[in-house]
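Visitor: Take this sequence and fold it.
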Amino acid sequence: MLAQNAFGSQTTNRMFLYEVEGLRQNDATDQNNYPIRQSGSTFIKVPYSRMNEEMQRITRMGGKIVSIQSLSAD
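Guide: Numbers count the residues shown, from 1 in each chain. Predicted coordinates for the structure are as follows:
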């Protein structure tokens, strides 16, 4: 899927699926309005432009990224 950014060039809105294990409640997640489940895998859908930010957030919450899969068809 193509989108046009503010500069007029086209960018691809690629989506990725992170499989994450080990998320736990800590100081960073205490600010959320919902509890974090400690067991099992969690799947998080992330756009390409936010991949780095999401990896950092998962690390702060004590999670481990098990796999990353592309959801976009090229």
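
Visitor: For the rest of this, base every contact and every neighbour count on C-alpha atoms.
Guide: OK.

Visitor: Strands of the chain, start to end?
Guide: Taking DSSP state E as the criterion, the chain carries its strands at 2-4, 10-12, 15-21, 41-47, 64-70.

Visitor: what's the fourth one packed up against?
Guide: Contact here means 3 or more CA pairs under 8 Å, 6 or more residues apart in numbering; DSSP states H and E; on that basis strand 41-47 packs against strand 15-21.

Visitor: which residues sit against the strand it packs on?
Guide: 39-48, 58, 63-72 (CA atoms under 8 Å, 6 or more residues apart in numbering).

Visitor: change it to 7 Å
Guide: 40-48, 63-72 (CA atoms under 7 Å, 6 or more residues apart in numbering).

Visitor: Pass me the low-pLDDT residue ranges in this structure, would you?
Guide: Along the chain, segments meeting pLDDT under 70 span 1-12, 24-39, 73-74.

Visitor: at 90 instead, please
Guide: Residue ranges of the chain with pLDDT under 90: 1-13, 21-43, 59-63, 72-74.

Visitor: Can you report how many residues lie near residue 46?
Guide: Using other CA atoms under 10 Å, residue 46 is surrounded by 20 other residues.

Visitor: ok, it - contacts?
Guide: 15-17.

Visitor: How about residue 43?
Guide: When contacts are counted by CA under 7 Å, 6+ apart, residue 43 touches 17-20.

Visitor: Next, the contact list for residue 41, please.
Guide: 19-21.

Visitor: Need the strands of the chain in JSON lines (columns: distance to residue 53).
Guide: Formatted as JSON lines, the strands of the chain follow (distance: least, CA to CA, whole Å):
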{"stretch": "strand 2-4", "distance to residue 53": "21"}
{"stretch": "strand 10-12", "distance to residue 53": "18"}
{"stretch": "strand 15-21", "distance to residue 53": "13"}
{"stretch": "strand 41-47", "distance to residue 53": "10"}
{"stretch": "strand 64-70", "distance to residue 53": "13"}
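
Visitor: picking up where we left off before, filter the contacts of strand 15-21 to the buried ones?
Guide: Neighbour counting by 16 or more other CA atoms under 10 Å classes 41-42, 45-47, 63-65 among the contacts of strand 15-21 as buried.
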